[in-house]
Structures are given as structure tokens and as C-alpha cells.
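K.L.:
Sequence and predicted structure, then a few things I'm wondering about:
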Amino acid sequence: MRFFSLSSILFSIALASAVVHHPSSYEHENHRVVNFVHPGALHSSTDIERIKLRVNNKDEPWYTAYQHLSTGTLAQATWKPTPQTVLVRGAPDPSTNLTQNYGYAYRDAHSAYQLTLRWLITTNTTFADAAVKILNAWGSTLTSINGNEDRMLAAGLYGYQFANAAELLRIYPGWHKDDQDVFAKMLTTVFVPNNYLFLTEHNGKPDFYYANWDLCNIASLMAIGIYTDNSTMYNWAVDLFLNGLPDPSIVVNGALPYFSIANFTESGSKKTLMEIQESGRDQGHATLCVALLGVIGQQGGNQGIDLYGAFRNQILNGYVLLPPPMTRYFGGRVEVSPNMAS
Ligand SMILES: *[C@@H]1O[C@H](CO)[C@@H](O)[C@H](O)[C@H]1NC(C)=O
Ligand SMILES: *[C@@H]1O[C@H](CO)[C@@H](O)[C@H](O)[C@H]1NC(C)=O
Ligand SMILES: *[C@@H]1O[C@H](CO)[C@@H](O)[C@H](O)[C@H]1NC(C)=O
Ligand SMILES: *[C@@H]1O[C@H](CO)[C@@H](O)[C@H](O)[C@H]1NC(C)=O
């Protein structure tokens, strides 16, 4: 998917500055936010300044990455939003006559995000105005999320994507405060209740959902917490990511204590490699977990909370033990070659 790879390139640039921490630093750190830094979700203002400098100097790979972004379909000021009243993902109740339409949400969220990056990097306000149009259209139109249980994926994935676009655009003087508030209200009334509902009840199936379901809903609460300056919401999501729910009978596979399946020591380097909860599933889902962990890690780091370093660098250890592109299912476990790990 083209729009996905465009975002990941810029995301990788941001990640390149992430610090690798010493084991055991996390346990003693305070992990609660009181006042938020803005912009402070996927990217900080330092990230934007760094990217801008690199692009202006035509340094590689930043310059080529920016050309890639700026020629993408979704990054054009001519992109027309298609806001929906009801966002539908997964087969809805047949009596409703609704049809799946979630592609509109992710395309428009990505478009708003990419246009905002173009504005921040070039200072050309045509791009910011186009992003404002997209977010205002959704803010004033969307009222609910529908579909079968997959609607909870829509709540998580598009929740953090829309909130990230808004968090970057909030400093644009051409986005009126009233419209920013309408967008915030849409996020907190449409996405947030579904994020909480999924994470606390898991749709009545306490040990069923793979990690990515939890991770996208955690990412959404963190991002919306940042955008709406709600530290209660943000800290709750961070706490869930680090510890799971107080009721241990509900298995939050995306929470770090459940997410870690096994540790291995790489022979030679003696580094720790970690099998993650979706390692043995398929390449697409395993890498989705990694992408979402990057979002969560950045949304922590940009608020001064080191989630990459938690539990002796669990996230980073999980990054290095990703499955190779797999064409078959290994029965739920990744196969670790004896040459790679002992
Ligand atoms: C669904 O569509 C049918 C045919 O157009 C219509 O008769 C029915 O009222 C619709 N149902 C709802 C819940 O909108
Ligand atoms: C800003 O971008 C728009 C759309 O690409 C372009 O038409 C316009 O010339 C640009 N303005 C400046 C000052 O570069
Ligand atoms: C912050 O979020 C929590 C949880 O969703 C909510 O109960 C509370 O009302 C929100 N606070 C504000 C100031 O909106
Ligand atoms: C892997 O190591 C980390 C860090 O020590 C630990 O938190 C985690 O529980 C370990 N995983 C397993 C399955 O033992």
C-alpha cells in the first residue's frame, strides 16, 4: 500500500533518533504525564526541524523520502475528502443496509497527515488549508462506528491516525479553534468510547484477540489524550500497555507482560531477541504489531516517557526477532534457528 510506505519512510526518519537505553532503566522511571508537549504524538517539533533541515540541504535519504511523500496521491492539495456519518468496518447487521466504508477514513486520515507534513516541511499553507478541509469535514460529519467486531479495529487504527494528523496541524493558525474543538469532540465521542470498551471488555472474549487489536486501541487513546490534553486518558493507556488490566482474567495480548512470548540470546553478540505475541502468525500481522509499537513508543517518548526501554528494551528486542517473509503458518510459534539463537 503506497500511502502506508510513504508514512513509514518519514516514520523511520523519526525513529532514527530514538535512543537505545540501558537495561533496567525503566522500572525506576516515573511514567505519568501531567502537562503535554505539543506537537507530541508521532513527531515533535525537533523532529520536524531536523527533517526540514535535511530536506532543504538535499541530504539523503531524507531528500528522496520527501520527494516520495510529495508525489503521492494522498499528499496533493487537490485530494477531496469523503467524510462518512457512520464509519463501517466488518459486516454490519444486515437489517441496517450499511456497507463497509473504512477505506475513506484511512485514506483521508493519511491525506491530512501527509499534507500537514508537507506544510510543516515547506511552509506552503496551501497544504495546511487542504488538511484543514479534510479534518473539518470528518469532525462535523462522523457520528458513530458500526460493523461486526472489526469495528474495534476501525476505532483503534483510524483513531490514532486522525488524532496524529490533528496533533500536527493544531499549530496552524488557519485551523480555527472552534473547528479544532469540533474535531476533538468527534474523537472523544466516536472513537474513545469504543477504544475503552474494547480494551476493558474484549468483546466478551477475555482471551481471544491478537496483540494488534489492543495495540491500535492503546495507540488511539494515547494520541487522542495528547491532542485533547487529557492526561487521565493518556496515562490510563500507558499503564495498560505496561501492566495489562487489574483483572488478570482478561488477557491483554498487546500489553508488554503478555506480549513477550520468549527471550533468546543471540550467539556471538549475546544480545536478547524476543519472540512477540504475533511472531508466529504471518508477516503482515507481525509487522503491524511492530508498526503500532513504534507509534506507541514515539507517543511515549515525545511526552518524556520511555516505553522503548521498558522491561529491558522489550520493544527493541522484539524488532530484531521478526519472522522472515513467511508463506506458511508455523502453528503459532516462530521457528528460531539454532544458529541464530541459543
Ligand atoms: C434497506 O433497504 C431496503 C431496500 O431499499 C429498504 O426497504 C429498507 O427500509 C432499508 N432498511 C433500513 C433499515 O434502512
Ligand atoms: C504551494 O503549493 C501549491 C500546490 O502545489 C502551488 O500551486 C503553489 O504555487 C505553492 N506556493 C508557493 C508559494 O510555492
Ligand atoms: C478525560 O478522559 C476521561 C476518560 O475518557 C474522561 O472521563 C474525562 O472526562 C476526560 N477529561 C476531560 C477534561 O475531558
Ligand atoms: C523477556 O525479558 C523481559 C526483560 O527481562 C521480561 O520482562 C519478559 O518477561 C521476558 N519474557 C519471558 C517470556 O520470559
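P.N.:
It's in. Residues are numbered from 1 along each chain as shown. Ligands and ions are numbered 1, 2, ... in the order given.

K.L.:
what sits against the residue of the chain found nearest ligand 1?
P.N.:
With Cβ to the nearest ligand atom, the shortest gap between the chain and ligand 1 falls at residue 97, namely 3.7 Å. Quick note: C-beta positions are derived from backbone N, CA and C, even for glycine. Under the criterion of Cβ atoms under 8 Å, 6 or more residues apart in numbering, residue 97 has no contact partners.

K.L.:
How about residue 138?
P.N.:
So residue 138 contacts 81, 83, 105, 108, 162, 183, 186 (Cβ under 8 Å, 6+ apart).

K.L.:
try it again with 6 Å
P.N.:
residue 83 (Cβ atoms under 6 Å, 6 or more residues apart in numbering).

K.L.:
any idea which helix or strand comes after the helix or strand harbouring it?
P.N.:
Using DSSP states H and E, residue 138 falls within helix 125-139. Note on helix 125-139: by DSSP H and E, the next helix or strand toward the C-terminus is strand 144-146.

K.L.:
Output the contacting helices and strands for the helix or strand following that next one.
P.N.:
Under the assignment DSSP H and E, the closest C-terminal helix or strand after strand 144-146 is helix 151-169. Using 3 or more Cβ pairs under 6 Å, 6 or more residues apart in numbering; DSSP states H and E, the elements in contact with helix 151-169 are helix 102-122, strand 144-146, helix 192-201, helix 211-227.

K.L.:
buried sites along the longest one?
P.N.:
Just to be clear, that refers to helix 102-122. Within helix 102-122, the residues scored as buried using 16 or more other Cβ atoms under 10 Å are 102, 104-121.

K.L.:
related to what we said a few turns ago, let me know the distance separating the residue of the chain closest to ligand 1 from residue 86.
P.N.:
11 Å (Cβ to Cβ, to the nearest Å).

K.L.:
what about dumping the CA coordinates of the helix or strand containing residue 297 to PDB?
P.N.:
Secondary structure from DSSP H and E places residue 297 in helix 283-301. The C-alpha trace of helix 283-301 is given here as PDB (Å, rounded to 0.1, in the frame of the first residue of the first chain):
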ATOM      1  CA  GLN A 283       4.400 -11.400   8.300                       C
ATOM      2  CA  GLY A 284       1.700  -8.800   7.800                       C
ATOM      3  CA  HIS A 285       0.300  -9.100  11.300                       C
ATOM      4  CA  ALA A 286       3.700  -9.400  13.000                       C
ATOM      5  CA  THR A 287       4.900  -6.200  11.200                       C
ATOM      6  CA  LEU A 288       1.700  -4.500  12.000                       C
ATOM      7  CA  CYS A 289       2.500  -5.100  15.700                       C
ATOM      8  CA  VAL A 290       5.900  -3.600  15.200                       C
ATOM      9  CA  ALA A 291       4.500  -0.500  13.400                       C
ATOM     10  CA  LEU A 292       2.000   0.000  16.200                       C
ATOM     11  CA  LEU A 293       4.700  -0.400  18.800                       C
ATOM     12  CA  GLY A 294       6.600   2.300  17.000                       C
ATOM     13  CA  VAL A 295       3.600   4.600  17.300                       C
ATOM     14  CA  ILE A 296       3.200   3.800  21.000                       C
ATOM     15  CA  GLY A 297       6.900   4.200  21.600                       C
ATOM     16  CA  GLN A 298       7.000   7.600  19.900                       C
ATOM     17  CA  GLN A 299       3.900   8.800  21.600                       C
ATOM     18  CA  GLY A 300       5.500   7.900  24.800                       C
ATOM     19  CA  GLY A 301       9.000   9.300  24.100                       C
END
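
K.L.:
and it with helix 151-169, angle?
P.N.:
In terms of direction (axes from the mean of the first three to the mean of the last three Cα atoms, to 10 degrees), helix 283-301 departs from helix 151-169 by 40 degrees.

K.L.:
helices or strands next to helix 283-301 in the packing?
P.N.:
Applying 3+ Cβ pairs under 6 Å, 6+ apart, one finds that helix 283-301 contacts helix 211-227, helix 310-320.

K.L.:
Let me know which of these is tucked in deepest.
P.N.:
Across the helices and strands packed on helix 283-301, the average number of neighbours (mean count of other Cβ atoms under 10 Å) peaks for helix 211-227, which reaches a mean of 28.

K.L.:
got a list of contacts for that helix?
P.N.:
36, 40-41, 156-157, 159-160, 163-164, 166-167, 187, 191-192, 195, 198-199, 233-234, 237, 241, 252-254, 259, 277-278, 288-289, 292, 295-296, 299.

K.L.:
Which ones, among the residues you listed, also lie beside ligand 1?
P.N.:
Among these, no residue is within reach of ligand 1 (Cβ under 6 Å from any ligand atom).

K.L.:
Buried ones only from those residues, please, as a ChimeraX command.
P.N.:
Those of the contacts of helix 211-227 that count as buried under 16+ other Cβ under 10 Å are selected in ChimeraX with:
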select :36,40,41,156,157,159,160,163,164,166,167,187,191,192,195,198,199,233,234,237,241,252,253,254,259,277,278,288,289,292,295,296,299
